[in-house]
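Trainee: Sequence below, structure please.
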Amino acid sequence: MHLVPLPDSIYSEVERAAEARGLSVERFFQEAVQLHLTEGLHEPKPLRLTDEQAALVRLAQADVKAGNFLTMEQVEERHAANRAAWLKANPL
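Mentor: Take a look at the predicted model:
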């Protein structure tokens with residue numbers, strides 16, 4: 001047997017998921033790991049972009065290199081403004 005430490009928040013989610021399926025936490029983990037290994041989920045599939053998607057990525061890279069980007073603070077400010085506008089137009 002092996003012990004794997006988990007943050008309390010994740011363990012709580014696992015407990016709920018296991019209980020919903022009628023399983024013990026241990027059995028839930030065993031089945032989840034087995035599924036992960038047998039389905040090949042541990043090996044990421046290569047990302048395949050269309051020519052159009054690749055062109056958009058190259059444009060975005062060029063914009064970043066040219067300094068045409070937003071900081072996280074700017075993104076958060078825009079998000080907050082958009083959210084406030086939406087909430088004003090759509091009161092709960």
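Trainee: how would you label Pro46: helix, strand or coil?
Mentor: coil (DSSP: H, G, I helix; E, B strand; the rest coil).
Trainee: Show the pLDDT at it.
Mentor: We note a pLDDT of 77 for Pro46 in this prediction.
Trainee: Kindly report the same for the one 4 residues further on.
Mentor: Turning to Thr50, the model gives it a pLDDT of 94.
Trainee: Return the distance of it relative to Leu56.
Mentor: Look at Thr50 and Leu56: by Cβ to Cβ, to the nearest Å, they are 9 Å apart. Yep, even glycine has a C-beta here, placed from its N, CA and C like the rest.
Trainee: Could you check which of the two has the larger neighbour count?
Mentor: Neighbour tally, Thr50 and Leu56, criterion other Cβ atoms under 10 Å: the higher count belongs to Leu56, 12 against 8.
Trainee: what's the spacing between the more buried one and Trp86?
Mentor: The value you get for Leu56 to Trp86, if Cβ to Cβ is used, is 27 Å.
Trainee: swap in Ser24?
Mentor: 44 Å.
Trainee: Fine, thanks again, bye for now.
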